[in-house]
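**Student:** starting from these lines, generate the structure:
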Amino acid sequence: MAKEQQMDELDKMNNVLSTGEQWIEKNGKKLTTIVIIAILVVAGFLMLKQFYFAPMEEEAQNAMYKGEFYFEQDNFEVALNGNEADFIGFKAIADEYSGTKAGNLANAYAGICAYNLGNNEEALEYLEAYDGDEPLLYPNIIAMIGNCYANMGDYDKAIKNFVEAAEEASNSVISPLFLVKAATVAEKTGDNAKALEFYQEIKDKYENSVIGQDIDKYIEKVNAQLK
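**Tutor:** Predicted coordinates for the structure are as follows:
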């Protein structure tokens, strides 16, 4: 009986293999075409990466170098828009090299420059275009977006971004700073209960931070306003 069952299983397997062979024989040309197309796509991508994106990345990085010098000197106008000589500006780098890492970083620089020049809407355009997850830079970019919304009077979005920045940072150095920003905006709108939540969060999570050591006086102030 066991032998018969083994033979049945063997017959089934043979049928499956036979069916598979027939399908391959029938669709062989189609499979070959698919494989060739896949190889060409991969080869094309590798060539594009080597001969187009790599040189673009290098060009963008070279352009960024001078901009970073102007940025460090707080010359935000030139850093953003260029000097009409040997530097095109972070804004142009972000636009012209958008597919590169340097072009993406230029979005962050351009947004910060525009913000420091008082151009909140332009700053938002570039800050929100930045796509990264660096543990120090990314939370600060989110907070800068919050600054822009606060300056524009959109306090709900400002608070949302400050809270998100604190969560992304998740450390005792800068998270309390962002939570204080959120609390300050909440107080400005008269939402002292919400402000108290942010101050209490600092006390609960970051009591040993620089801000945390003085947080009780902020809590007392808001509690007094709630009475």
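**Student:** can we go C-alpha only for contacts and neighbour counts from here?
**Tutor:** Will do.
**Student:** low-confidence ranges, this protein, go.
**Tutor:** In the predicted model of the chain, residues 1-56, 60 satisfy pLDDT under 70.
**Student:** can you give me the helices in it?
**Tutor:** Secondary structure of the chain (DSSP state H): helices located at 2-26, 28-48, 54-72, 76-81, 90-96, 101-116, 120-127, 137-151, 155-169, 175-188, 192-206, 215-226.
**Student:** now the closest residue in space to Ile174 that isn't next to it in sequence: how far from Lys205?
**Tutor:** Of all residues not flanking Ile174 in the chain, Ala166 sits nearest, at 7.2 Å (C-alpha to C-alpha, 6 or more residues apart in numbering). As judged by C-alpha to C-alpha, to the nearest Å, Ala166 and Lys205 stand 11 Å apart.
**Student:** quick one, which of these two is more surrounded?
**Tutor:** Ala166 (24 against 15; other C-alpha atoms under 10 Å).
**Student:** report the contact partners of the residue lying closest to Lys66 once chain neighbours are set aside.
**Tutor:** Spatial nearest neighbour of Lys66, chain neighbours left out: Phe87 (6.7 Å); criterion: C-alpha to C-alpha, 6+ apart. Contacts for Phe87 (C-alpha atoms under 8 Å, 6 or more residues apart in numbering) come out as Ala63, Lys66, Gly67.
**Student:** also Ile159?
**Tutor:** Contact partners of Ile159, counting by C-alpha under 8 Å, 6+ apart, are Gly146, Lys181, Ala182, Ala183, Val185, Ala186.
**Student:** and the nearest residue to Glu68 once chain neighbours are set aside, how far is that from Ala108?
**Tutor:** Spatial nearest neighbour of Glu68, chain neighbours left out: Ala79 (7.3 Å); criterion: C-alpha to C-alpha, 6+ apart. Distance check for Ala79 against Ala108: by C-alpha to C-alpha, it reads 12 Å.
**Student:** circling back: need the winner for burial among the helices of the chain.
**Tutor:** helix 101-116 (a mean of 25; mean count of other C-alpha atoms under 10 Å).
**Student:** redo the contacts of Ile159 as a markdown table? Include distance to Glu122.
**Tutor:** Output for the contacts of Ile159, formatted as a markdown table (distance: C-alpha to C-alpha, whole Å):
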| residue | distance to Glu122 |
| --- | --- |
| Gly146 | 14 |
| Lys181 | 22 |
| Ala182 | 22 |
| Ala183 | 26 |
| Val185 | 22 |
| Ala186 | 25 |
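**Student:** break this protein down into its domains, please.
**Tutor:** According to automatic domain parsing, the chain comprises the domains 31-131, 132-227.
**Student:** so the residue nearest to Ile174 makes contact with Val173?
**Tutor:** No: with contacts counted by C-alpha atoms under 8 Å, Ala166 stays clear of Val173, the gap being 10.0 Å.
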